[in-house]
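Chemist: Sequence and predicted structure below; questions after.
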Amino acid sequence: MKALAVDQPGSVDNLELMDMETPEPGPQEVRVKVHAVGLNPVDYKLIEGGGLPEWQFPHVSGLDVAGEVDKTGSGVTDWKPGDRVYFHASLAHQGGFARFVTASRDVLAPLPDGWDFAEAAALPTPAFTAYQALHRKVRMHKGGTILIQAGAGAVGGFAIQLAARAGMRILTTCSPENNEYVKGLGAHQTIDYHTENIVEKVHEYTNGRGVDIAMDMVGSKTSEEAFDYLAYNADLICVADLPDMQRYTPKTLAPSIHEIALGFVYRSEDYEQIADLGRMAKEVGDLAAAGELVPMLEEEINLEDVPDALRRMRDQRIRGNITAHVTHSS
């Protein structure tokens, strides 16, 4: 089969289309014929950072897969060839930048009704990250306040939609050109992170109380800054880096701090936790099919254009998500 892979990590320039052996599904696995695959920052970060110890070379990245079941392994009775599915693949094993990929039967979910393969491939990493954070880690409540950093990004955009659905009062950081975009997703107030003081603006918008939930997708500096605008007993969700707790004065806010590491669940070898990827896929897919989530797909490319797209994701802020079509004509 054709696959976009690296013989050695270090640079996305090492990605090249090559012929690889078509994988065979093992017991309780299915083989998926990939139609579209989503791109994520973790793709270039792992390649440029040296990969993972589990990687076998040539290595195929690509976490977010949408396609059709092509073949089932022994013991699989709930999926059959031709089923349209999507799922979140493992960081440690071969991924979806290829014509075929294998996956556990438990992580698959039906393609959301009304969504095409490219739209569905933009769901798993960003939507599941937002869903895990807001539906597995914290308790949202109507009228509560939340600050979502980087609201125009894919994770931030889905987080805004989920928080709006729960009736939260939503503040988000973004560039001014994205103000109307994030408000269209459900945000109530925007903060220009280039020119405005985030702490001051949060206190202004909340009459000095602070927010009940802060969701950070940026890094340790902004997650540490949250200690200055959290309300008492608030939740801090860290999708990127954890804060330096030396900045926090104990017994002042009593915050709950939540780390999100969606893709590393496969390393746990905990069946229930891995299977929760499939449950989240079904729950998120149901919301998408019901029109309660809108696609965050901004650009569709071909598989051979993935290296250039990853470079752009690395070097500039990308609104929404990018997915690549995988062709099977040659």
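Modeler: Received it, and whenever you're ready, just let me know what you need.
Chemist: Now for Val182: which residues touch it?
Modeler: 151-152, 156-157, 160, 172, 174, 190 (Cβ atoms under 8 Å, 6 or more residues apart in numbering). Using the backbone N, CA and C atoms, a C-beta is placed for each residue, glycine as well.
Chemist: which two of those lie the greatest distance from each other?
Modeler: Every pair in the contacts of Val182 was compared (Cβ to Cβ); the two farthest apart turn out to be Gly157 and Thr190, at 13.1 Å.
Chemist: For this protein, just list every one of the helices.
Modeler: Along the chain, the stretches classed as helices by DSSP state H are 41-48, 117-120, 124-132, 154-165, 179-185, 198-205, 220-225, 265-268, 271-289, 306-315.
Chemist: quick one, which of the ones you listed is nearest to Arg139?
Modeler: If you check each of the helices of the chain against Arg139 by Cβ to Cβ, helix 154-165 wins as the nearest, at 12.1 Å.
Chemist: now that closest one and helix 271-289, what's the angle there?
Modeler: 70 degrees (axes from the mean of the first three to the mean of the last three Cα atoms, to 10 degrees).
Chemist: re earlier: return the closest of the contacts of Val182 with respect to Met18.
Modeler: Distance to Met18, by Cβ to Cβ, is smallest for Gly157 among the contacts of Val182, at 33.9 Å.
Chemist: Just give the nearest non-adjacent residue to that closest one, would you?
Modeler: Met296 (4.8 Å; Cβ to Cβ, 6 or more residues apart in numbering).
Chemist: what about stretch 300-319, how long is it end to end?
Modeler: From its first residue to its last, stretch 300-319 covers 13 Å (Cα to Cα, to the nearest Å).
Chemist: How about residues contacting it?
Modeler: By Cβ under 8 Å, 6+ apart, the residues outside stretch 300-319 that reach it are 2, 4, 12-13, 15, 17, 36-37, 39, 41, 43-44, 47-48, 97, 118, 150, 152-153, 175, 178, 181, 298-299, 322-327.
Chemist: what's the neighbour count on Asn40?
Modeler: Neighbouring residues of Asn40 were enumerated by other Cβ atoms under 10 Å; the total is 25.
Chemist: So for it, what's the nearest residue that isn't a sequence neighbour?
Modeler: Closest residue in space to Asn40, ignoring its immediate chain neighbours: Thr125 at 4.7 Å, by Cβ to Cβ, 6+ apart.
Chemist: Can you tell me how far that neighbour is from His328?
Modeler: When Cβ to Cβ, to the nearest Å is applied, the distance between Thr125 and His328 equals 24 Å.
Chemist: now for the helix or strand bottoming out on mean pLDDT in the chain, which elements pack on it?
Modeler: Among the helices and strands of the chain, helix 265-268 carries the lowest confidence by mean pLDDT, DSSP states H and E, at a mean of 86. If you count contacts as 3 or more Cβ pairs under 8 Å, 6 or more residues apart in numbering; DSSP states H and E, helix 265-268 packs onto helix 271-289.
Chemist: Could you give me the buried positions within the helix it packs on?
Modeler: Neighbour counts using 16 or more other Cβ atoms under 10 Å place 274, 276-278, 280-281, 284-285, 287-288 of helix 271-289 among the buried residues.
Chemist: Nearest to Gly67 among the contacts of Val182?
Modeler: Each of those was checked against Gly67 using Cβ to Cβ; the closest is Gly157, at 23.7 Å.
Chemist: Looks like that closest one contacts Gly184 (just checking).
Modeler: No: with the criterion set as Cβ atoms under 8 Å, Gly157 and Gly184 do not qualify as a contacting pair; they are 9.9 Å apart.
Chemist: So which of these two has more stuff around it?
Modeler: Counted by other Cβ under 10 Å, Gly157 and Gly184 do not tie: Gly157 has more neighbours, with 33 against 12.
Chemist: contacting residues for that one?
Modeler: With contacts taken as Cβ under 8 Å, 6+ apart, Gly157 has the following neighbours: 126, 151, 182, 185, 296, 320.
Chemist: Share the number of residues neighbouring the fifth one, please.
Modeler: The local packing count at Met296 equals 24, with neighbours defined by other Cβ under 10 Å.
Chemist: re earlier: name the nearest of the contacts of Val182 relative to Val30.
Modeler: In terms of Cβ to Cβ, no member of those lies closer to Val30 than Gly157, at 29.7 Å.
Chemist: separation between the closest one and Leu297?
Modeler: Note on Gly157: its distance to Leu297, by Cβ to Cβ, is 11 Å.
Chemist: cool, His188 as well?
Modeler: With distances taken as Cβ to Cβ, His188 is found 24 Å from Leu297.
Chemist: hang on, isn't Leu185 packed against Leu162?
Modeler: No: counting by Cβ under 8 Å, Leu185 does not reach Leu162; the two are 10.1 Å apart.
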